[in-house]
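got a sequence here, can you model it:
(chains A, B and C)
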Amino acid sequence: MSELKGWREVPIAGVCWKLSTEFKTGDWRTFKPIIDQNKCIKCLMCWVYCPDEAIKWDGEKVSVNYDFCKGCGICANECPVKAIEMVLE
Amino acid sequence: MMVKQKVMGLSGDEAVAWAVKQCDVDMVAAYPITPQTIIVERFSEFVANGEVETEFVACESEHSALSACVGAAAVGARTFTATAANGLALMWEIVYIASSLRLPIVMAIVNRALSGPICIHCDHGDSMGCRDASWIQLYCEDAQEVYDTVIQAFRIGEHPKVQLPVMVMLDGFVLSHTLQNVKILPDEVVKEFVGVRKPVEVEIPYLGGKVPLVLDPEKPLTFGPLDLYNYYYEHKMQQHEAMENAREVIETINEEYSKISGRKYGNGLIETYGLEDAEIATIVLGSTAGTVRSVVKQLRKNGIKAGVLRLRTFRPFPAKEIVEALKNVKVIGVLDRSGPFGGYGAPVFLETRAIFYDEDPRPVIVNYVYGLGGRDMHPGLVKQVYDDLQKILETGKIERHIKFIGVRE
Amino acid sequence: MSLKINLKEIALKKPLILSGHRLCAGCGASIIVRQVLSVLRGPTILVNATGCLEVATTIYPYTSWQLPWIHNAFENAAATASGIEAGIKAMIRKGRYKYDHVDVICFAGDGGTYDIGIQALSGAFERGHDFLYILYDNEAYMNTGIQRSGGTPLGAATTTSPAGTVIPGKTEHKKPIADIAVAHRIPYVATATPAHWADLMRKVRKGIEVNGPAFIHAFSPCPRGWRTPAGKSIEIAKLAVDTCFFPLWECENGVWKLTDRSLAVARNPKLKKPIEEYLKPQGRFRHLFKPENRHVIKELQERVDRIWEDLLKRCENI
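Reported below is the predicted structural model:
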């Protein structure tokens, strides 16, 4: 838990000063998606449907950012070639 | 350095419109409500005749009008709106939001009684109702002061140590619709005085340091987040500090303005008359101060040591200044143009009593509620108040702490 | 004006809504927002009404937004956007603004649009401000605990229209909000779902590019409120379109067109599925399958069919 700041230390007007990427939502999940790269046709449906920006495309392959994946399973459900499996963590 | 000023016959509402015209305002949002309508009508004429470069947004309600001002101010524009009574009541949640977002919006409030029953005439119930919303509140006595104060309001609100919205009050009909001689400064003088709005900077780690406090695609800020119990209090403390800073800023701007106009309103916070040796005095806000002063002059001719303190700035409440000004007064009558309704007295009375609590000796402080719903406070009634104060002074007896002047039993 | 959508290129760009937001797993709104933000054309300012999206992405001091964003209050997203648009217009006119143009986009839920937000929306439409309003419709006041809104469909169980023994869920139909937008004669109105992503992105881009008010009614499945599995949100959206419960159309300057899957269904009526297939997977409609409540399903089917017939009559591209 980070230290809370005093009223003189935070910017006025209540504007935010940290990015949500410091908050790892990966610990929410029960099931984690595992991508079978051999089956993957790189259609990027998983990327376009992921609510959490937890599917990464690096130009060559697709991967899961497990720091943030909440395990919703949409990617596995929508993958047209069933290349993603939801595995109990 | 005094400049040549043009004298125009203007009503209070028109004086507001003229001040806004000259202050290089970027966006005016408006919804009509009596007695504010003339402000927006006159301003629309300026727009339609190409005399200003302001975007005029005719909103579909007061709530949307102030919301639009919030949006415009958040992108760095200078913005203005005006309302009264129920219009202010309707935008009440946005009033709080505007000050929390530290947006220097200027809003003219043409004081009018709150419904119901619906009454378009003057009392201070509307602006008193949001006195804790963290807006600077300035009450004007005449159309000249209205003109001068609206101009000053932009500077006060936009001051880097303040960054708060400002309400400028003028009494409904009494000031808004009455023609007076108003000295208007030349356009360039006002334009130079108000300058261009310059947003303050805030320190944001994820943006790499100090960025202007505006919505800017280059430096993306998030305005209006969700606070939990861990930070709301701290954010409110910041507003409290800004209100405290405003005292000095109001005085400074009042002084600076007097140099270009030849006019100042006391020290910007309070204006006094006859208090050097007064034994009895009243505290009053708004146009009634004029009536009170003329009664005081009359009383003085008859040997009564009377005085009056006009409270120009109600928020922040000028505690120090009031105590200092009234330190030798023995009986103080606080005139409130809004009701107590269950409080131990009306707003100005309560605060006045509070600031004198630690004084030794303490003066007698009593409350006179007057003028609700536009009930006229003519000189006869003002004299009644002073007679009452004089009686208390002489007999030491207080009938009641709270009296209602001008109501039929 | 046809937008080239290449997912492989778009997916390489820096995201404008970051991970780490606290929206539910499987939330339709976050999918919609990600798709919207992937087709912006330049400097953009966002206005967000109070609701799930606003609250979950900006828990102080954290923010998920990488573009300028303001939350004002619940009912005034359109009014705030009006002010932003007007303020910028004035500053540009005075030569005091660094951009030639900034796009203003509102995100608001059904609560903040159908009900409390309709006044501000209507006013902004009438004044003709240049902005895009995106309604993410999860069909109830989800953020405050699934209470019914004007956007809740007939028969749905919510916490203020529960499936009781006497009254089986909401007794009123869904307000036709997109039709109301069309009635204002604004230049562009469309419906979209995150499942039909190319259609949504194309429409969003159109809405941004159009000069004047644009309105997109986006269907936002809510696993929590609709009692569906988190992984089925996209599937549910597809069913909504296949059953014609949520048809995909656009209306550009008064010209109506069906799009994407709905166009396909119109051209091949055999593709239209009965409403029960949409209702069955959702817990909020479960009570409708009891014998005493079946009449609600019938009423819902009739309503869906009537609206679909109307659309078939007025759409020019079938």
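
C-alpha from now on. contacts and neighbour counts both.
Will do.

and residue B:134, what helix or strand is that in?
Here residue B:134 is covered by no helix or strand, with elements defined by DSSP states H and E.

these two touch, right, it and residue B:243?
Yes. Look at residue B:134 against residue B:243 with Cα atoms under 8 Å: they come within range, at 7.1 Å.

wait, what's in contact with the residue lying closest to residue A:65 once chain neighbours are set aside?
Among residues not flanking residue A:65 along the chain, residue A:54 sits closest, at 4.8 Å (Cα to Cα, 6 or more residues apart in numbering or on different chains). Shown in contact with residue A:54 (Cα atoms under 8 Å, 6 or more residues apart in numbering or on different chains): A:47, A:64, A:65, A:66, A:68, A:69, C:19.

for the last one, which three-state class applies?
Using DSSP: H, G, I helix; E, B strand; the rest coil, the secondary structure recorded for residue C:19 is coil.

that one: what's it in contact with?
A:20, A:21, A:52, A:53, A:54, A:68, C:64.

same question, the third one
For residue A:65, the contact set (Cα under 8 Å, 6+ apart) comprises A:54, A:55, A:56.

who does the second one form a beta bridge with?
If I follow you right, that is residue A:55. Beta bridges link residue A:55 to residue A:64, judged by DSSP bridges.

that one and residue C:20, how far apart?
To residue C:20, residue A:55 is 13 Å away according to Cα to Cα, to the nearest Å.

neighbour count: the two, which is higher?
Counted by other Cα atoms under 10 Å in any protein chain shown, residue A:55 and residue C:20 do not tie: residue C:20 has more neighbours, with 26 against 23.

can you report phi and psi for the more buried one?
Per-residue torsions, residue C:20: phi 100, psi 0 (degrees, to the nearest 10).

give me the pLDDT for it.
Confidence at residue C:20, expressed as pLDDT, is 97.

what sits against residue B:151?
Going by Cα under 8 Å, 6+ apart, residue B:151 touches B:19, B:20, B:23, B:190, B:194.

quick check: residue B:235 is in a strand.
No. Using three-state DSSP, the assignment for residue B:235 is helix, not a strand.

from the contacts of residue B:151, pick the one nearest residue B:84.
Nearest to residue B:84 among these is residue B:20, at 17.3 Å by Cα to Cα.

how about the residues of chain A that lie near chain C?
Within reach of chain C by Cα under 8 Å from any Cα of the partner chain, chain A has these residues: A:15-25, A:44, A:47-54, A:56-59, A:68, A:70-78.

in strands only, show me those residues.
A:18, A:19, A:56, A:57 (DSSP state E).

give me the subset of the residues you listed touching chain B.
Among these, the residues within reach of chain B (Cα under 8 Å from any Cα) are A:18, A:19.

now the ones in strands among the residues of chain A next to chain C in TSV, with neighbour count?
TSV is the format used below for these (neighbours: other Cα atoms under 10 Å in any protein chain shown):
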residue	neighbour count
A:18	19
A:19	23
A:56	17
A:57	20
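
just to revisit the earlier point, top of the contacts of residue C:19 by neighbour count?
Highest neighbour count within those, by other Cα under 10 Å: residue A:52, with 28 neighbours.

doesn't residue C:30 make contact with that residue?
Yes. Contact status for residue A:52 versus residue C:30: in contact at 7.1 Å, counting by Cα under 8 Å.

helices of chain B, start to end?
Listed in chain order, the helices of chain B (DSSP state H) span residues B:12-22, B:37-48, B:62-74, B:85-90, B:92-100, B:125-129, B:143-158, B:187-194, B:232-261, B:288-301, B:319-325, B:347-356, B:379-395.

for chain C, longest helix please?
Per DSSP H, chain C has its longest helix at helix C:294-314.

give the contact list for residue C:101.
Residue C:101 neighbours (Cα under 8 Å, 6+ apart): residue C:43.

tell me the confidence at it?
Residue C:101 is assigned a predicted lDDT (pLDDT) of 97.

state the distance from it to residue C:130.
To residue C:130, residue C:101 is 11 Å away according to Cα to Cα.

burial check on the residue of the stretch 1-150 of chain B found nearest chain C, number of neighbours?
Taking Cα to the nearest Cα, chain C has its nearest neighbour within the stretch 1-150 of chain B at residue B:68, 3.8 Å off. The burial count assigned to residue B:68 is 34, neighbours taken as other Cα under 10 Å.

quick one on the thing from earlier: most packed of the helices of chain B?
Among the helices of chain B, helix B:62-74 has the highest mean neighbour count (mean count of other Cα atoms under 10 Å in any protein chain shown), at a mean of 31.

that helix near chain A anywhere?
No. Helix B:62-74 does not reach chain A (Cα under 8 Å from any Cα); its nearest approach is 10.5 Å.

average pLDDT for that helix?
98.

other SSEs contacting that helix?
Where contact means 3 or more Cα pairs under 8 Å, 6 or more residues apart in numbering or on different chains; DSSP states H and E, helix B:62-74 is packed against strand B:27-30, strand B:79-83, helix B:85-90, helix B:92-100, helix C:77-93.

now that helix against helix C:77-93, angle please.
40 degrees (axes from the mean of the first three to the mean of the last three Cα atoms, to 10 degrees).

what angle do helix B:62-74 and strand B:79-83 make?
Using the same axes, to 10 degrees, helix B:62-74 lies at 160 degrees relative to strand B:79-83.

contacts for helix B:62-74?
B:27-31, B:57-59, B:78-81, B:83, B:87-88, B:90-92, B:94-95, B:98, B:103-105, B:213-215, C:72, C:76, C:79-88, C:120.

quick one: distance of it to the chain centre.
For helix B:62-74, the separation from the chain centroid amounts to 20 Å (computed by Cα atoms, centre = their mean, to the nearest Å).

send the alpha carbons of that helix over as PDB?
The C-alpha coordinates for helix B:62-74 follow below in PDB (Å, rounded to 0.1, in the frame of the first residue of the first chain):
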ATOM      1  CA  GLU B  62     -29.200  26.700 -15.800                       C
ATOM      2  CA  HIS B  63     -27.800  23.300 -14.800                       C
ATOM      3  CA  SER B  64     -26.500  22.900 -18.400                       C
ATOM      4  CA  ALA B  65     -25.400  26.600 -18.500                       C
ATOM      5  CA  LEU B  66     -23.000  26.100 -15.600                       C
ATOM      6  CA  SER B  67     -22.000  22.700 -16.900                       C
ATOM      7  CA  ALA B  68     -21.000  24.300 -20.200                       C
ATOM      8  CA  CYS B  69     -19.000  26.900 -18.300                       C
ATOM      9  CA  VAL B  70     -17.200  24.100 -16.500                       C
ATOM     10  CA  GLY B  71     -16.300  22.500 -19.900                       C
ATOM     11  CA  ALA B  72     -15.100  25.800 -21.400                       C
ATOM     12  CA  ALA B  73     -13.100  26.800 -18.300                       C
ATOM     13  CA  ALA B  74     -11.500  23.400 -18.300                       C
END
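
tell me the angle it makes with helix B:92-100.
Relative orientation of helix B:62-74 versus helix B:92-100 (the same axes, to 10 degrees): 10 degrees.

which residues of chain B score low on pLDDT?
Filtered on pLDDT under 70, chain B yields the residue ranges B:1-2.

ok, the residue nearest the centre of it - contacts?
For chain B, the residue nearest the mean C-alpha position is residue B:138 (2.0 Å; Cα atoms, centre = their mean). With contacts taken as Cα under 8 Å, 6+ apart, residue B:138 has the following neighbours: B:149, B:166, B:167, B:168, B:169, B:312, B:313, B:314, B:315.

save those as CSV, and put in distance to residue B:199 too.
Formatted as CSV, the contacts of residue B:138 follow (distance: Cα to Cα, whole Å):
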residue, distance to residue B:199
B:149, 21
B:166, 16
B:167, 20
B:168, 22
B:169, 25
B:312, 27
B:313, 25
B:314, 26
B:315, 23
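
just to revisit the earlier point, find the nearest non-adjacent residue to the residue nearest to the centre of chain B, please.
Closest residue in space to residue B:138, ignoring its immediate chain neighbours: residue B:313 at 4.5 Å, by Cα to Cα, 6+ apart.

how about that neighbour, what does it touch?
Residue B:313 makes contacts with B:136, B:137, B:138, B:139, B:268, B:269, B:270, as judged by Cα under 8 Å, 6+ apart.
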